[in-house]
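*Asks:* My questions are about this predicted structure, shown below with the sequence.
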Amino acid sequence: MDITEFKSGKLEDRYEYQAFLPETICHEWVVTDPELSDLLGRADRALGELNAFAQLIPDIEFFIRMYVAKEATQSSRIEGTQTNIEDAFKDADDLNPEERDDWAEVQNYINAINHAIDALDELPLSNRLLRQTHEILLSGVRGEQKQPGQFRTSQNWIGVSLKNAVFVPPHHEHVPDLMSDLEAFLHADTLFAHPLVRIAIGHYQFETIHPFLDGNGRLGRLLISLYLASEGLLVRPALYLSDYFERNKTAYVDHLMAVRQGNHLRAWLVFFLHGVEETARASADVFRSILAIKERIERDVLPRFSARRQDNAQALIRHLYARPVVDVNMAAKIIGATTNTASALITDMVSHGVLFEITGQRRNRLFVFSEYIELFRR
């Protein structure tokens, strides 16, 4: 089917309300629009460049952890949390009590992402994996009473009430079949839709089905990254669109609604593919900047440490690439030394402009690798 012929679905009468029943998507999709084809090519090339960086950079897993933390904070921010990327690397005791609920949701999301990425080594991207990931996402936080790890068995809605909802997803009796259709679409070898078109449509469909009682937005955005990784478009999951969606939140929501209400699939694909290109190029620029910082530290900072302290300095720097917030006790564990030795090392890192103290306290001080963390705030 040509995307210009797309029909989103229909309203279905239920008791005292109408729910939206989307059309199934597991069939051929044809893009004949020259402008859309050009944008698809640009997004594809940007992904290829990012993929090259992900294969060339040493210790890439350390930097991927930063992208995971950024995705967790930005995706959760769309849902209303206020935790920033710096807070994501703090312990609960380092936060004010009123900040800890938001922080816990972000930590769950980080754990959920890491679980899903690791699980891809053994499981295909499937409804089973999505349910497992959803269970981790809602464990012990707001929403833990809303059937973690299970497709919903009651009606949900977007808005203040079912009667006054902005959008009412399909009745729960349709969810298993619709999700099976989505799973089949993402893996169908007999279909020739470009992977980026496939996941753009897949993400829209997931958000429209809204298969869980809570956490659909976060899991639906994570689905994009998991699909790109599972299909080999990225050897490491280094592209997350939540930052793009958060910066363009109104347009993101409006485009999804326009597909449902007016069949405007082309406009959604343009918005999505532009986001892939923009985010991939920005992520590649971050990798370039990471290499520049790494080269400068190895050239200008590490040689200032004596041969006896060199191993400790390198071990701490290596850790900071994965977790750029540290205190003296943590540093002592990292280098396997006393707190006095760790404190002296941190003091030198501060004097060399690598670390900055952020609490202003004399005790329980926290230090941040600020030049590095700023790369992920862009």
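*Replies:* Nice, I can see it. Numbers count the residues shown, from 1 in each chain.
*Asks:* got the phi/psi numbers for the residue sitting nearest the centre point of the chain?
*Replies:* With distances taken as Cα atoms, centre = their mean, residue 71 lies nearest the centre of the chain, 3.4 Å away. Note on residue 71: its backbone torsions stand at phi -60, psi -40 [degrees, to the nearest 10].
*Asks:* how near is it to residue 119?
*Replies:* For residue 71, the distance to residue 119 (Cβ to Cβ, to the nearest Å) stands at 17 Å. C-beta here means a position set from N, CA and C on the backbone, and glycine is covered the same way.
*Asks:* Contact partners for the residue nearest to the centre of the chain?
*Replies:* Going by Cβ atoms under 8 Å, 6 or more residues apart in numbering, residue 71 touches 109, 113, 221-222, 225, 240, 242-243.
*Asks:* now with 7 Å?
*Replies:* By Cβ atoms under 7 Å, 6 or more residues apart in numbering, the contact list for residue 71 reads 113, 240, 242.
*Asks:* of these, buried ones?
*Replies:* Using 16 or more other Cβ atoms under 10 Å as the burial test, those include 113, 240, 242 as buried.
*Asks:* thought the last one was touching residue 73?
*Replies:* Put plainly, it is residue 242. No: here residue 242 lies out of contact with residue 73, judged by Cβ atoms under 7 Å, at a distance of 8.6 Å.
*Asks:* For residue 13, give its distance to residue 97.
*Replies:* To residue 97, residue 13 is 47 Å away according to Cβ to Cβ.
*Asks:* For the stretch 51-200 of the chain, just list every one of the helices.
*Replies:* Along the stretch 51-200 of the chain, counting by DSSP state H, counting those that start in this stretch, helices occupy 60-78, 85-88, 100-119, 127-138, 175-187, 195-209.
*Asks:* mind checking which of these is nearest residue 336?
*Replies:* Of all the helices of the stretch 51-200 of the chain, the one in closest proximity to residue 336, counting by Cβ to Cβ, is helix 60-78 (18.8 Å).
*Asks:* Looking at the contacts of residue 71, which is nearest residue 210?
*Replies:* Nearest to residue 210 among those, counting by Cβ to Cβ, is residue 242 at 17.5 Å.
*Asks:* sorry, back to before: could I get the helices of the stretch 51-200 of the chain as a markdown table with distance to residue 163 and mean pLDDT?
*Replies:* Shown next, in a markdown table, are the helices of the stretch 51-200 of the chain (distance: least, Cβ to Cβ, whole Å; pLDDT from 0 to 100):
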| stretch | distance to residue 163 | mean pLDDT |
| --- | --- | --- |
| helix 60-78 | 25 | 77 |
| helix 85-88 | 38 | 80 |
| helix 100-119 | 28 | 86 |
| helix 127-138 | 26 | 94 |
| helix 175-187 | 21 | 97 |
| helix 195-209 | 20 | 97 |
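*Asks:* Using TSV, please lay out those together with distance to residue 286.
*Replies:* Shown next, in TSV, are the helices of the stretch 51-200 of the chain (distance: least, Cβ to Cβ, whole Å):
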stretch	distance to residue 286
helix 60-78	8
helix 85-88	13
helix 100-119	18
helix 127-138	25
helix 175-187	28
helix 195-209	21
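*Asks:* can you tell which of these is closest to residue 356?
*Replies:* Of these, nearest to residue 356 by Cβ to Cβ is helix 85-88, at 11.1 Å.
*Asks:* quick one: that closest one to chain centroid distance?
*Replies:* Counting by Cα atoms, centre = their mean, to the nearest Å, helix 85-88 is centred 14 Å from the centre of its parent chain.
*Asks:* hmm, who's touching that helix?
*Replies:* For helix 85-88, contacts defined as Cβ under 7 Å, 6+ apart pick out 69-70, 72-73, 95, 99, 103, 106, 110, 325, 368, 373, 376-377.
*Asks:* Are any of those buried, and if so which?
*Replies:* Judged by 16+ other Cβ under 10 Å, buried ones among the contacts of helix 85-88: 69-70, 72-73, 99, 103, 106, 110, 325, 368, 373, 376.
*Asks:* Pull the most distant pair out of these.
*Replies:* 99 and 376 (19.5 Å).
*Asks:* Dump stretch 252-262 to PDB, keeping only the CA atoms.
*Replies:* Taking C-alpha atoms only, stretch 252-262 is exported to PDB below (Å, rounded to 0.1, in the frame of the first residue of the first chain):
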ATOM      1  CA  TYR A 252       5.200  15.300  18.500                       C
ATOM      2  CA  VAL A 253       1.800  14.900  20.200                       C
ATOM      3  CA  ASP A 254       0.000  16.800  17.400                       C
ATOM      4  CA  HIS A 255       1.500  14.700  14.700                       C
ATOM      5  CA  LEU A 256       0.400  11.400  16.400                       C
ATOM      6  CA  MET A 257      -3.100  12.800  16.800                       C
ATOM      7  CA  ALA A 258      -3.100  14.000  13.200                       C
ATOM      8  CA  VAL A 259      -2.400  10.500  11.900                       C
ATOM      9  CA  ARG A 260      -5.300   9.100  13.900                       C
ATOM     10  CA  GLN A 261      -7.800  11.800  13.100                       C
ATOM     11  CA  GLY A 262      -6.800  12.800   9.600                       C
END
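*Asks:* Outside of it itself, list whatever touches it.
*Replies:* The contact list for stretch 252-262 (Cβ under 7 Å, 6+ apart) reads 8, 20, 167, 204, 207-208, 245, 264-265, 267-268, 271.
*Asks:* Low-confidence ranges, the stretch 251-378 of the chain, go.
*Replies:* Within the stretch 251-378 of the chain, the ranges that satisfy pLDDT under 70 run 378.
*Asks:* Fine, thanks again, bye for now.
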